[in-house]
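J.: Task: produce atomic coordinates for the following.
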Amino acid sequence: MEPKLWINKIKFSDNSIIHFDNDDIVVLVGPNNAGKSATLKEASNYLISPKTPKKVVKSISFSKIGTSSDVINFVESISIKEYRSNPEPYYSGLGYGIYKPHIENWWDDIDNGISGLASVFVKYLHCCDQSYQL
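T.: From the prediction side, this is the model:
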């Protein structure tokens, strides 16, 4: 099974709450400085570590499909596998290097963030990296 991770609930600083299903497609629309980019950035940072300071988002809860073995198989399928000084392999790819034993710990405890796995599941585009077409 291909692992999947998604936001199932966001609580904003004004105490409004939005719930999501695993197959939802979400579009953030609003005027400048409404908090669209801040929401995306804070959600991405929250996934890495819930202790990250936030201004727009008060809390986020995540859901997942798949086991830690599924995640290891997925990461292995998209990575270069290397053996260094440790007995378990490292998986390297664009923007990440993950030691295999950490995958299971992060995946099994997503409430505390998935740290290095976030770069496998999330890509945050800074506004300067986005291309616009008129």
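J.: so who does residue 76 touch?
T.: Counting by Cβ atoms under 8 Å, 6 or more residues apart in numbering, residue 76 touches residue 91. Yep, even glycine has a C-beta here, placed from its N, CA and C like the rest.
J.: Compute the distance between the residue lying closest to residue 96 once chain neighbours are set aside and residue 24, please.
T.: Excluding its sequence neighbours, the residue lying closest to residue 96 (Cβ to Cβ, 6 or more residues apart in numbering) is residue 119, at 4.1 Å. Distance of residue 119 to residue 24, computed by Cβ to Cβ, to the nearest Å: 23 Å.
J.: Neighbour count: those two, which is higher?
T.: Set side by side, residue 119 and residue 24 show more neighbours around residue 119, with 18 against 11, by other Cβ atoms under 10 Å.
J.: hang on, the earlier thing: name the surrounding residues that touch the helix or strand hosting the residue nearest to residue 96.
T.: Here residue 119, judged by DSSP states H and E, is contained in helix 118-121. Helix 118-121 is contacted by residues 5, 44, 47, 48, 74, 75, 78, 93, 95, 96, 98, 114 when judged by Cβ under 8 Å, 6+ apart.
J.: Drop anything exposed from these.
T.: Taking 16 or more other Cβ atoms under 10 Å as the criterion, what is buried in these is 5, 44, 47, 48, 74, 75, 96, 98, 114.
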